[in-house]
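1. quick one, structure for this:
(2 chains)
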There are 2 protein chains.
Amino acid sequence: MLTLNVALSERSYPIYIGKGLIDGDLLRRHVRARQVLVVTNTTIAPLYLDRVIAALSGLQVDTLQLPDGEKFKTLSVLEQVFDKLLEARHARTTTLIALGGGVVGDMVGFAAACYQRGVDFIQVPTTLLAQVDSSVGGKTAVNHPRGKNMIGAFHQPKAVIIDTDVLSTLPAREFSAGLAEVIKYGLIRDREFYRWITVNIDALLARDPALLSEAILRSCQNKADIVAEDETEQGSRALLNLGHTFGHAIETATGYTSWLHGEAVAAGMVMAAQLSVELGWLAQDEVDGLAGILARAKLPVRPPQGMSARQCRELMALDKKVHDGSLRLVLLRAIGDGVVTADYDEAVLMRMLERDCVAGD
Amino acid sequence: MLTLNVALSERSYPIYIGKGLIDGDLLRRHVRARQVLVVTNTTIAPLYLDRVIAALSGLQVDTLQLPDGEKFKTLSVLEQVFDKLLEARHARTTTLIALGGGVVGDMVGFAAACYQRGVDFIQVPTTLLAQVDSSVGGKTAVNHPRGKNMIGAFHQPKAVIIDTDVLSTLPAREFSAGLAEVIKYGLIRDREFYRWITVNIDALLARDPALLSEAILRSCQNKADIVAEDETEQGSRALLNLGHTFGHAIETATGYTSWLHGEAVAAGMVMAAQLSVELGWLAQDEVDGLAGILARAKLPVRPPQGMSARQCRELMALDKKVHDGSLRLVLLRAIGDGVVTADYDEAVLMRMLERDCVAGD
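-> Coordinates of the predicted model:
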């Protein structure tokens, strides 16, 4: 088992990475009192819920299964968590456990942030994307019909328990979506890691256990470093949003249904890289190389057919990184050197969008 | 104008108390960027909304009127705030202004805590209760059908602007409810202030402007001191809940409709004081004196007819101060000396409840 620390003074917490971790006593060690609510979804419950319950025997263990999918990441589904907590009379000393992917993690984290103004929670991510990204760092949220993650909180977990065995049941498309975020860390701040990924992409896609553990560890280490530097996204943390402003526009345009988050981020990273070329920072062959790696990972590299440049730009304007009317984007000064900037020409952005976006009719 | 400071290092903020403050440039001075959403209710809007809008001229000022009343302090009404913010494209630099009583303040504060994971807000309390209590200290929340303030956050305002003129339009019953919280400060930590209130209760009830300003100032000073000591209620802040565990049980039992919060707290404070007598801490004549002052302030001093001791005890068990099954109560070791304790005999509590509660049938 590998252990990393997210250094946030009194809010610091460990990330454990290893095989079979959901069965041991790790979970229990991070439960504060005697009450636990395990929240999962209807896909994960039949696979792993019984094992988690067994690992918590002796405690008051309540469980809740949410419907599976980004479209259920809403305030009204969140209310089910509060209903369950109050129905089962959970006190302020309770611990919530998020057993699932990013949707479960984000919702349970937000529920933990708000229940009685803040209770403990533990992340047990079951998708690659959640393991390398959303379960670490304390960003929690639900979506609003007009924008993704618009309602949320910064609330750090007490521990993140990454059991690499659970990836064996992850569908191929979701596995690829997770790789998009792994590649992101290389692009924004770790050129050496990016090179390592490009060399090992086929073995990663084949889920080679040793390489996969290494990829998760290096991703989490990069994320933990950034979060420790900038917990509430006043500055450098925004780098983690490479591809996300374009990606959120894609997800909103397609109603959070047909594209996975990681897929939207993949196409968004190519768009951000392409804009970086227009600004003279990247070479075209570097963007082509990135698109090639993403394609090898079976990820999309262009926005969806039917989204016009204008629609894309309008949806981007809803991004949380808008400051007094100007939209800051994460771009690349070089591979491994991301930058958050509003210092680009709007006309250059529109030209890039018009070239990349193919409107439906 | 008087100014107090709530000392919370980088989250410190001023409380201004004075006449006509909603018209000056105070509001504007605490707005961070160019967007503002003023949230109020349908009772306050016709009285003061135009003046607040005028004070913010030159900014993008959006407004939202919520229905008036504790029963609208829900997640689904809260969603209207998010809808408005997104519809009018408010960025993370926006400022929310809460113009109203405790319900508006708690909801707008919670919306500000969650919108894009946290934006600025300013409290402009228009009831005595909100001025001396709920607008100061950063506790924000909405209710759940199973319990009051069960879903919320700690989120400090950027400023609290208390215009004492607005109390002239406050209905007598709400004014009295505010006095309950004023009296509370004396009981829990300021014996001298308590004595001052007992001497001046009739003039306060007649809304003598000078005495009223003094009462608000001393209440806010007590609250600011406690909040600075214990922002997130790990310890001494719980003293502020004197009468509230009993009071919340009353409010829940009566569906948040027939009793005002301050009225429930008044009856609850007498119950807490009575239990303190049973424990040998207070003299019976001190409780009788308290009940006398509250009655002079036109406040109830007993729980509602129809609430049984058992029902009261069950609703109390939902309180946020439950720790692993044991309920901590705020009691009085003496007038001016509150204590948070689970060190009382359950049988003594039940005996007190059975004597005080008169079940309906």
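
2. name the spans of chain A whose pLDDT lies under the cut-off.
-> The model of chain A has pLDDT under 70 over residues A:322-324, A:359-361.

3. who in it is up against chain B?
-> Contacts of chain A with chain B, taken as C-beta under 8 Å from any C-beta of the partner chain, map to A:33-34, A:75, A:79, A:82-83, A:86-87, A:89, A:91-93, A:113-118, A:139, A:141, A:144, A:146-147, A:149-154, A:232-233, A:317-318, A:320-325. Heads up, the C-betas are built off the backbone N, CA and C, glycines and all.

4. and the residues you listed, which of them are buried?
-> Buried subset of those (neighbour count, 16 or more other C-beta atoms under 10 Å in any protein chain shown): A:33, A:75, A:79, A:82, A:86, A:89, A:91-93, A:113-118, A:139, A:141, A:144, A:147, A:149-154, A:233, A:318, A:320-322.

5. hang on, the earlier thing: from the residues of chain A next to chain B, which land in strands?
-> A:139, A:141, A:144, A:147, A:149-154, A:322-323 (DSSP state E).

6. show me which of these is closest to residue A:262.
-> Closest approach to residue A:262 among these (C-beta to C-beta): residue A:149, at 14.9 Å.

7. show me the contacts for the residue nearest the centre of chain A.
-> In chain A, the centroid-proximal residue (C-alpha atoms, centre = their mean) is residue A:134; its distance is 3.3 Å. With contact set as C-beta atoms under 8 Å, 6 or more residues apart in numbering or on different chains, residue A:134 has these partners: A:101-102, A:105-106, A:125.

8. one more time with 10 Å
-> Neighbouring residues of residue A:134 by C-beta atoms under 10 Å, 6 or more residues apart in numbering or on different chains: A:98, A:101-106, A:109, A:123, A:125, A:127, A:140-141, A:181, A:223, A:261.

9. mind giving me the packing neighbours of the host helix or strand of residue A:268?
-> Using DSSP states H and E, residue A:268 sits within helix A:261-278. Counting by 3 or more C-beta pairs under 10 Å, 6 or more residues apart in numbering or on different chains; DSSP states H and E, the packing neighbours recorded for helix A:261-278 are helix A:102-114, helix A:128-129, helix A:172-189, helix A:244-253, helix A:284-296, strand A:329-334, strand A:337-341, helix A:346-356.

10. how about 8 Å then?
-> Counting contacts by 3 or more C-beta pairs under 8 Å, 6 or more residues apart in numbering or on different chains; DSSP states H and E, helix A:261-278 packs against helix A:172-189, helix A:244-253, helix A:284-296, strand A:329-334, helix A:346-356.

11. give me the angle between it and strand A:329-334.
-> Counting by axes from the mean of the first three to the mean of the last three C-alpha atoms, to 10 degrees, helix A:261-278 lies at 60 degrees to strand A:329-334.

12. can you show me the CA trace of helix A:261-278 as CSV?
-> The C-alpha trace of helix A:261-278 is given here as CSV (Å, rounded to 0.1, in the frame of the first residue of the first chain):
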residue,chain,number,x,y,z
HIS,A,261,-16.8,14.2,-18.3
GLY,A,262,-13.4,12.8,-19.2
GLU,A,263,-14.3,12.6,-22.8
ALA,A,264,-15.4,16.2,-22.8
VAL,A,265,-12.1,17.1,-21.0
ALA,A,266,-10.1,15.3,-23.7
ALA,A,267,-11.7,17.2,-26.5
GLY,A,268,-11.4,20.4,-24.4
MET,A,269,-7.6,19.8,-23.8
VAL,A,270,-7.1,19.6,-27.6
MET,A,271,-9.0,22.9,-28.0
ALA,A,272,-6.9,24.5,-25.3
ALA,A,273,-3.7,23.2,-26.9
GLN,A,274,-4.8,24.4,-30.3
LEU,A,275,-5.5,27.9,-28.9
SER,A,276,-2.0,27.7,-27.3
VAL,A,277,-0.6,27.1,-30.8
GLU,A,278,-2.5,30.2,-32.1
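
13. how close does the closest residue in space to residue A:184 that isn't next to it in sequence get to chain B?
-> Leaving aside its chain neighbours, residue A:184 sits nearest to residue A:242 (5.4 Å; criterion: C-beta to C-beta, 6 or more residues apart in numbering or on different chains). Residue A:242 sits 19 Å away from chain B, going by C-beta to the nearest C-beta, to the nearest Å.

14. again with residue A:248
-> To chain B, residue A:248 is 13 Å away according to C-beta to the nearest C-beta.

15. surely that residue touches residue A:319?
-> Yes - at 6.4 Å, residue A:248 counts as touching residue A:319 under the criterion of C-beta atoms under 8 Å.

16. so which of the two has more stuff around it?
-> Higher neighbour count among residue A:248 and residue A:319: residue A:248, with 25 against 21, using other C-beta atoms under 10 Å in any protein chain shown.

17. got the contact list for stretch A:313-330?
-> Outside stretch A:313-330, the residues that touch it by C-beta under 8 Å, 6+ apart are A:146-147, A:149-150, A:188, A:238-239, A:241-246, A:248-249, A:252-253, A:272, A:275, A:338-342, A:344, A:349-350, A:353, B:33-34, B:86, B:89, B:91-93, B:116-117.

18. typo on my end, stretch A:341-348
-> So stretch A:341-348 is contacted by A:275, A:278-279, A:323, A:326-329, A:331 (C-beta under 8 Å, 6+ apart).

19. ok, the closest residue to residue A:330 other than its chain neighbours - contacts?
-> Closest residue to residue A:330 apart from its sequence neighbours, by C-beta to C-beta, 6+ apart: residue A:242 at 4.4 Å. Listed by C-beta under 8 Å, 6+ apart, the contact partners of residue A:242 are A:184, A:187-188, A:265, A:268-269, A:272, A:330, A:332, A:338.

20. apply 7 Å and report the result again.
-> For residue A:242, the contact set (C-beta atoms under 7 Å, 6 or more residues apart in numbering or on different chains) comprises A:184, A:187-188, A:269, A:272, A:330, A:338.

21. thinking again about what came up before, quick check: angle from the helix holding residue A:268 to helix A:172-189?
-> Using the same axes, to 10 degrees, helix A:261-278 lies at 30 degrees relative to helix A:172-189.

22. show me which residues of helix A:261-278 are buried.
-> A:261-278.

23. now stretch A:249-260
-> A:249-254, A:256, A:259-260.

24. which one among the contacts of residue A:242 gets closest to chain B?
-> Distance to chain B across those (C-beta to the nearest C-beta) is lowest for residue A:330, with 15.5 Å.

25. now do the same end-to-end measure for stretch A:236-245.
-> Using C-alpha to C-alpha, to the nearest Å, the end-to-end distance of stretch A:236-245 comes out at 16 Å.

26. contacts for stretch A:247-257?
-> Stretch A:247-257 has contacts (C-beta under 7 Å, 6+ apart) with A:70-71, A:143, A:147-148, A:259, A:261, A:264-265, A:267-268, A:303-304, A:307, A:311-312, A:315-316, A:319.
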